[in-house]
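**Student:** For reference, the sequence and a predicted model appear below.
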Amino acid sequence: HDLIEGLLSNLDKKNCWTLAHRAGHSHPGRMQAFLSRGAWSADALQAEVRAYVVERFGDPDGVLFLDETQILKKGDQSVGVAPQYCAATTRIENCQVVVMLSYAGPVGHAYIGRRLHLPKQWADDPGRCRRAGVPAGVGFATRLDQAVDLLAEAVDAAVPFGWVSTDVEYGQHPRVRNWCAKNALSYVVAVSAALPLAQGSVASGTVPVTCAGQVLTRIAGGEWQRRTRVRGGGGERHDDWALVGLGGDLRVGDESPADGFAHTLLVRRSVSDPGDVAYFLAHARSHTSAPVLLRVAETVGRIKEGDGRGGGLIGIDQYQVRTWTAWQHTVTACMFAHAFRAVLYADAATVFGRAADDEAAGRVPRRTEDAAAVPDQAGEIRHLRK
């Protein structure tokens, strides 16, 4: 409980030293031992976190969202650290890469799965792996394979969902898309303008469409529809959206949708900055309505912005553990803290939303600012402890 309370606190840095000091310990030994040598299963806790998130956020139309986070590191002793591509800085960095799966329901989202990417220079060095405590059965797997493994894990756990979604780092590759199509799963994934498209017939004197970016100039003015979304950090975002059906003459490279499904390309263009254009590929049951596809596409932005609730995995960029077991324990504890906070905020939003409705209807006096404050996280943790 001291660990989770510390992760939920307002500490500027959240490592074993600061967490131990906050808990009243004279040194970080107990925290370090709990994370490095504690006789508890990170996988069992992850299963509990997943069940907790599903209990509070679960919905048949829920969204499984694949993403990754990178933790910049110095040195080469921390498990999995290596010079590798870092999406946060768009260059090669000395970092750890974590493939994450989160769950988004109508009222909130939280992480339910994690995989540490073990680069080949680690997997091919048994001595290095042994020193970091990497289990003998763990070998090299691509990030895309780990992403599919996380999706399969959620399916096996009977997590209720209607959609799979990803940011462009995963959506632009066919590995995840093909797995979903093979298993007849609906998805809306962010893709790049370079997404390969194939045009069956080309009129004389015209240039064939070969990628998603070339579709933009072919969308007529009347085909755009404007939507407004409240952004996580406050304020609104206004976008124009257009949907382009794929199939028949224009299709996604050599990919085929599952039986009864169809591909659709969604194009989003910012109203304030027309040069801000994003593309999404949908694989959904035929005749799925445009508002449904757009709702799922907008979920990507909502998750990336963290719902305005500090959506990042609490403390994940500040830990100072090196071994496999300590890493699994630490990140899973961060997942629990994140899920707990997400539920608190969702519950508060529900209560305050109902109160606002009552105020508007004149059923209760108007609240003061203090009454609308964020719930006391530490107090709720103490209640949970009981």
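**Tutor:** That came in fine, so what should we check first?
**Student:** can you map out the helices along this protein?
**Tutor:** 2-8, 16-22, 29-36, 42-57, 120-123, 126-131, 143-156, 168-171, 174-182, 290-304, 324-360, 377-385 (DSSP state H).
**Student:** Counting by contacts, list what the fourth one packs against.
**Tutor:** The reference is to helix 42-57. Helices and strands touching helix 42-57, by 3 or more Cβ pairs under 8 Å, 6 or more residues apart in numbering; DSSP states H and E, are strand 91-104, strand 109-116, helix 324-360. Quick note: C-beta positions are derived from backbone N, CA and C, even for glycine.
**Student:** And that helix, how far out from the chain middle?
**Tutor:** Helix 42-57 sits 16 Å away from the centroid of its parent chain (Cα atoms, centre = their mean, to the nearest Å).
**Student:** just the second one next, same as before
**Tutor:** Distance of helix 16-22 from its chain centroid, counting by Cα atoms, centre = their mean, is 28 Å.
**Student:** got a list of contacts for that helix?
**Tutor:** 2-3, 5-7, 9, 11-12, 27-32, 35, 320-321 (Cβ atoms under 8 Å, 6 or more residues apart in numbering).
**Student:** Give me the buried stretch members for that helix, please.
**Tutor:** Using 16 or more other Cβ atoms under 10 Å as the test for burial, helix 16-22 gives 16, 18-20.
**Student:** Keeping just the C-alphas, turn stretch 160-170 into CSV.
**Tutor:** Presented in CSV, the C-alpha positions along stretch 160-170 are these (Å, rounded to 0.1, in the frame of the first residue of the first chain):
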residue,chain,number,x,y,z
PRO,A,160,-15.5,-7.7,-23.7
PHE,A,161,-14.6,-5.5,-26.6
GLY,A,162,-15.9,-4.5,-30.0
TRP,A,163,-12.9,-2.9,-31.6
VAL,A,164,-9.1,-3.0,-31.8
SER,A,165,-7.3,0.3,-32.3
THR,A,166,-3.7,1.5,-32.5
ASP,A,167,-1.6,4.5,-33.1
VAL,A,168,0.3,4.8,-36.4
GLU,A,169,3.4,3.0,-35.0
TYR,A,170,1.4,-0.2,-35.0
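**Student:** For it, the averaged confidence score.
**Tutor:** In this model, stretch 160-170 carries a mean pLDDT of 95.
**Student:** One more: stretch 38-47?
**Tutor:** Averaging pLDDT along stretch 38-47 gives 94.
**Student:** ok so, going back, out of the helices of the chain, which comes closest to P196?
**Tutor:** helix 174-182 (9.2 Å; Cβ to Cβ).
**Student:** same for that closest one, what does it pack against?
**Tutor:** Under the contact criterion of 3+ Cβ pairs under 8 Å, 6+ apart, helix 174-182 touches helix 143-156, strand 163-166, strand 187-191, strand 277-285.
**Student:** Using TSV, please lay out these together with mean neighbour count and distance to T332.
**Tutor:** Shown next, in TSV, are the helices and strands packed on helix 174-182 (neighbours: other Cβ atoms under 10 Å; distance: least, Cβ to Cβ, whole Å):
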stretch	mean neighbour count	distance to T332
helix 143-156	18	14
strand 163-166	26	22
strand 187-191	25	26
strand 277-285	22	31
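**Student:** Please consider this matter closed, and thank you.
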